[in-house]
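**Student:** Sequence and predicted structure below; questions after.
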Amino acid sequence: MDMQKRPQWPPQPPPQAQYPEGCLVVAVRIPVRIFVFLVVLPVRLLWDAFTAAARFLWRYVLAPVGRAIVWILHGLLVVPLIWLYRHLLTPLGHALVRLYARVLTPTGHALVRFLVWFHARVLTPIGHAVVWLLTPVAKAVAWLSDMLGTALYWTARVLLVLPAVALWRWVLAPAGRVLGIVLREIGEALGHAWRAAGYVARAAGRVLGTLFRWIFLEPARWVYRTVLTPVGHVVRDLVLHPAAEAARAIGRAVRQARADLRRALFGEPTRPAPVDRREPGGRDTRTLDG
């Protein structure tokens, strides 16, 4: 027995949260879904048509134009920028680094040492003297600040916080719950209407495709198979083949007439004389085997 629980495949989606349904939910859901479906259906049809046109435009127009623009921008911008970075900015950066290391760093160290000395020898004694003279005044100001802060706190709590809490608890929270139910139902109705409109759009596309096939393609195919193909065979057998044979016969007659005319004007062409190969003729010809 397998003691370990095996994971399910395919993995199951997490269960959706179930909302308690009441009279308000039932009263809102059905009319909202019907209205949203009637509104979403033409939008979904337009969206599917726009999506198909956009895919065609992207594949055959925008993508090739974009690749051409990228190639042009690479030649006009990237290559000059690379050259500028390598031959101008990099040497300038090296010079700035040397300037920082040899000039600015020693200057900064000297300035820091001066500021440390000035703080320790000048500002610290002056600060101690000011603190010794202002301590009683600071205590009085702190006591007054505490009293004023307490009074402002209770005033703001009575005039602002308590009315705001009551408004939130007794008005805004119930209204927000009702509005949340309505918005949730509208969102679910939009989802259902979008999916139903997709089914309707696909069914309409199949119907239009079937009508186009039966109205245009099938008659054209029937005409091609039933009418044009036999007519083409008849034309080929009765017109084209005899015309080709006649053309070939006329060509042969023209060539023969041209040869007869040449023979009548210039006579028979002279044949080359036989070449003596110095080989014996007849049956008694000797071979290498004999």
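**Tutor:** Structure's in. What do you need? Residues are numbered from 1 along each chain as shown.
**Student:** Can you give the distance from stretch 124-141 to the centre of its chain?
**Tutor:** What separates the centre of stretch 124-141 from the centre of its chain is 68 Å, taken as C-alpha atoms, centre = their mean, to the nearest Å.
**Student:** Residue ranges in the stretch 1-150 of the chain under the pLDDT threshold?
**Tutor:** Along the stretch 1-150 of the chain, the model assigns pLDDT under 70 to residues 1-26, 133.
**Student:** Show me the helices in it, by range?
**Tutor:** For the stretch 1-150 of the chain, the helices defined by DSSP state H, counting those that start in this stretch occupy 23-57, 63-73, 79-84, 90-99, 105-118, 124-156.
**Student:** which of these is buried the deepest?
**Tutor:** Neighbour counts (mean count of other C-beta atoms under 10 Å) averaged over each of the helices of the stretch 1-150 of the chain peak at helix 23-57, with a mean of 14. (Glycine included, C-beta is placed from N, CA and C.)
**Student:** on contacts alone, who are the packing partners of that one?
**Tutor:** When contacts are defined as 3 or more C-beta pairs under 8 Å, 6 or more residues apart in numbering; DSSP states H and E, helix 23-57 packs onto helix 173-212.
**Student:** Averaged pLDDT, the helix it packs on. What do you get?
**Tutor:** Helix 173-212 comes out with an average pLDDT of 85.
**Student:** which other helices and strands contact it?
**Tutor:** So helix 173-212, by 3+ C-beta pairs under 8 Å, 6+ apart, packs with helix 23-57.
**Student:** How far does the helix it packs on sit from its chain's centre?
**Tutor:** Counting by C-alpha atoms, centre = their mean, helix 23-57 comes out at 24 Å from the chain centroid.
**Student:** related to what we said a few turns ago, out of the helices of the stretch 1-150 of the chain, the one nearest residue 257 is which?
**Tutor:** Among the helices of the stretch 1-150 of the chain, helix 63-73 comes nearest to residue 257, with 59.5 Å by C-beta to C-beta.
**Student:** Dump stretch 150-162 to PDB, keeping only the CA atoms.
**Tutor:** Taking Å, rounded to 0.1, in the frame of the first residue of the first chain, the C-alpha atoms of stretch 150-162 are listed here in PDB:
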ATOM      1  CA  THR A 150      -3.100  66.800  24.100                       C
ATOM      2  CA  ALA A 151      -5.800  69.500  23.600                       C
ATOM      3  CA  LEU A 152      -5.500  69.100  19.800                       C
ATOM      4  CA  TYR A 153      -5.600  65.300  20.000                       C
ATOM      5  CA  TRP A 154      -8.900  65.200  21.900                       C
ATOM      6  CA  THR A 155     -10.400  68.000  19.800                       C
ATOM      7  CA  ALA A 156      -9.600  66.100  16.600                       C
ATOM      8  CA  ARG A 157     -10.900  62.800  18.100                       C
ATOM      9  CA  VAL A 158     -14.200  64.300  19.100                       C
ATOM     10  CA  LEU A 159     -14.800  66.400  16.000                       C
ATOM     11  CA  LEU A 160     -13.300  64.200  13.200                       C
ATOM     12  CA  VAL A 161     -12.400  60.600  14.300                       C
ATOM     13  CA  LEU A 162     -15.700  59.600  16.000                       C
END
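**Student:** ok now it, how far from the chain's centre?
**Tutor:** From the chain centre to the centre of stretch 150-162 is a distance of 56 Å (C-alpha atoms, centre = their mean).
**Student:** Offset the numbering so it begins at 41, please.
**Tutor:** Understood, numbering begins at 41; the last thing we discussed is stretch 190-202.
**Student:** hmm, who's touching it?
**Tutor:** Taking contacts as C-beta atoms under 8 Å, 6 or more residues apart in numbering, no residue outside stretch 190-202 touches it.
**Student:** Just put the helices of the stretch 41-190 of the chain in TSV and tack on distance to residue 244.
**Tutor:** Converted to TSV, the helices of the stretch 41-190 of the chain look like this (distance: least, C-beta to C-beta, whole Å):
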stretch	distance to residue 244
helix 63-97	7
helix 103-113	29
helix 119-124	52
helix 130-139	63
helix 145-158	76
helix 164-196	63
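**Student:** No further questions, thank you.
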